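Peer 1: this one's sequence-less:
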């Protein structure tokens, strides 16, 4: 398992060193093509060839905000769970791991960040839940298109992200998934409502999925508000 990501690149792709650099850059926070190219010192035109190879192997995915067709906001994410972990935690500490210091590396450089790392995987689980809820008819309306959304908040002059936005005929769903070791509080729901105002919608419904359940404040906030759905991670 330790050698699997590196071995796969060697077997499937030429110039594995370049692909290693690209995946390392994405794992390190570079998500747009110009950011990746700058970080690894490669021309943007040449980078597209390598990105296409990683997409074909389904190691990375190219994303745009759901509901938008412009390529200006295109980002790249590592979708394969083993690759995400390996390039975020193993590669940066390879020399220490290779000398047998893995047990010391984990509590200092992995464990404190594991909840944040699990966030992307939990989003994928959230999508699976959402699709199942739609198939079961447990939601008030059908969303024909769903995905992640991000965009600029002109009032705060910052970029905002929403884990899941689903567009239906009359209803738009806004979802937030939290992988935390504490119950979700009301402020998370309120923040989702605030961010949802950046997306035009007729009727808004809010879907929350929490790893550790919900605090009393969240239940109180959602009480008598049928448009807020507190979903449980089973």
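Peer 2: Now that the structure is in, tell me what you want to look at. Note that the structure is a prediction, hence the values are computed from the model and not measured.
Peer 1: chain center to the longest helix anywhere in the chain: distance?
Peer 2: Counting by DSSP state H, the longest helix found in the chain is helix 114-136. Chain-centre distance of helix 114-136: 10 Å, with C-alpha atoms, centre = their mean, to the nearest Å.
Peer 1: now swap in stretch 133-147 and tell me
Peer 2: Here stretch 133-147 is found 20 Å from its chain centre; the criterion is C-alpha atoms, centre = their mean.
Peer 1: picking up where we left off before, so which elements touch the longest helix of the chain?
Peer 2: Contacts defined by 3 or more C-beta pairs under 8 Å, 6 or more residues apart in numbering; DSSP states H and E place helix 114-136 against helix 81-85, strand 143-153, strand 158-168, strand 171-178, strand 203-210. From N, CA and C alone the C-beta is placed, and that goes for glycine too.
Peer 1: Give me the contacts around it.
Peer 2: Helix 114-136 is touched from outside by 77, 79, 81, 84-85, 88-89, 139, 142-143, 146, 148, 163-164, 166, 173, 175, 177-181, 207, 209, 211, 231, 233, with contacts defined as C-beta atoms under 8 Å, 6 or more residues apart in numbering.
Peer 1: Kindly recompute the last result at 7 Å.
Peer 2: Contact with helix 114-136 is made by 81, 84, 88, 139, 142-143, 146, 163-164, 166, 175, 177, 179-181, 207, 209, 211, 231, as judged by C-beta atoms under 7 Å, 6 or more residues apart in numbering.
Peer 1: With stretch 28-42 instead?
Peer 2: By C-beta under 7 Å, 6+ apart, stretch 28-42 touches 21-22, 25-26, 43-44, 47, 51, 75-77.
Peer 1: Check stretch 148-164 too.
Peer 2: 63, 65-66, 123, 126-127, 130, 146, 165, 173-177, 195-196, 198-199, 207.
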